[in-house]
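Asks: Using only what follows, build the 3D model:
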Amino acid sequence: MFDVGQILRYPFDDQKWAEKILIGGALNVIPIINLFSAGYALESLRAGTQGEMTLPVWEDLGDKFVAGLIAFVISFVYMLIPGLVMLLGGAGGIMGMRYYGDVGMGITGVGVIMLTFVIGLIMAFFLPMALAHFTAEDRIGAAFEFGEILRRIKAVFGEYLVAVVLFLVLSMILGMICVIPIVGWVVFLFGVFYLQVVFANLVGRLYSQASAGISPPA
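Replies: Numbering: from 1, shown residues only. Presented below is the predicted three-dimensional model:
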């Protein structure tokens, strides 16, 4: 199991950690411009796949923007799946109302919401490892090789699950801090970017660990 303390501390080993986090946090709140921050996080993920616990430098901004845009497209496609389920479920709800009235529509609606929620969770769980696979293979199609992604998740399932839950818990804590005027907003602003970078690097290292722990497909 990975050392949580080490994971959360390593960015501060960089002499320019404050500058790097401040830049990323500021860019992260601006639509479109936040693709630079997404690309930076992807570089942190790539460093993790190579076994490195380092903060990337803020250079090659064009590459960062393109990487962030690709990450956005991949994430959009993943979240499009539960969206399509909701859309199809809405059509089913209309049919249910037509034949069974409000009761039919209500039952269909609840079922669709639950199914969409479950599928959304599954896609969100897959997404970080999918981005790691894309980064390692440098192919957009790699992000949709579900069989290979599942194999890697299974190879490090316990640690991967803990990592995802840890990220969600820390994100919720930041969300609660955000209600504090001014100070809470500042902590949230830069804390979110810090968490993205740290979590990305951890997923990258778990991906590398999974690579060593599974045999190549037949």
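Asks: Please count neighbours and contacts with C-alpha atoms only from this point.
Replies: OK.
Asks: Now do the contacts for Val29.
Replies: The neighbours of Val29, taking C-alpha atoms under 8 Å, 6 or more residues apart in numbering as the test, are Leu189.
Asks: Equivalent analysis for Ala47, please.
Replies: Residues counted as contacts of Ala47 (C-alpha under 8 Å, 6+ apart) are 53-54, 201, 204.
Asks: Which ChimeraX command selects the buried ones in the residues you listed?
Replies: The ChimeraX command for the buried members of these (criterion: 16 or more other C-alpha atoms under 10 Å) is given here:
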select :53,54,201,204
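Asks: now the contacts of Ala47 as a markdown table including secondary structure and distance to Val66?
Replies: Listed next are these as a markdown table, based on DSSP: H, G, I helix; E, B strand; the rest coil; distance: C-alpha to C-alpha, whole Å:
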| residue | secondary structure | distance to Val66 |
| --- | --- | --- |
| Met53 | coil | 23 |
| Thr54 | coil | 21 |
| Asn201 | helix | 19 |
| Gly204 | helix | 19 |
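Asks: Tell me the one of the contacts of Ala47 nearest Ser37?
Replies: Asn201 (14.0 Å; C-alpha to C-alpha).
Asks: Pretty sure that closest one sits against Pro56.
Replies: No - applying C-alpha atoms under 8 Å as the test, Asn201 and Pro56 come out as separate, 10.5 Å apart.
Asks: Now do the shared contacts for these two.
Replies: When contacts are counted by C-alpha under 8 Å, 6+ apart, the set common to Asn201 and Pro56 consists of Ser44.
Asks: distance between the ends of stretch 2-14?
Replies: One end of stretch 2-14 to the other measures 20 Å (C-alpha to C-alpha, to the nearest Å).
Asks: For that stretch, buried residues please.
Replies: Pro11.
Asks: Could you pull up phi and psi at Gly51?
Replies: Here is the backbone geometry of Gly51 (degrees, to the nearest 10): phi 80, psi 20.
Asks: Can you tell me, leaving aside adjacent residues, what's nearest to it?
Replies: Leaving aside its sequence neighbours, Gly51 sits nearest to Arg205 (C-alpha to C-alpha, 6 or more residues apart in numbering; 5.7 Å).
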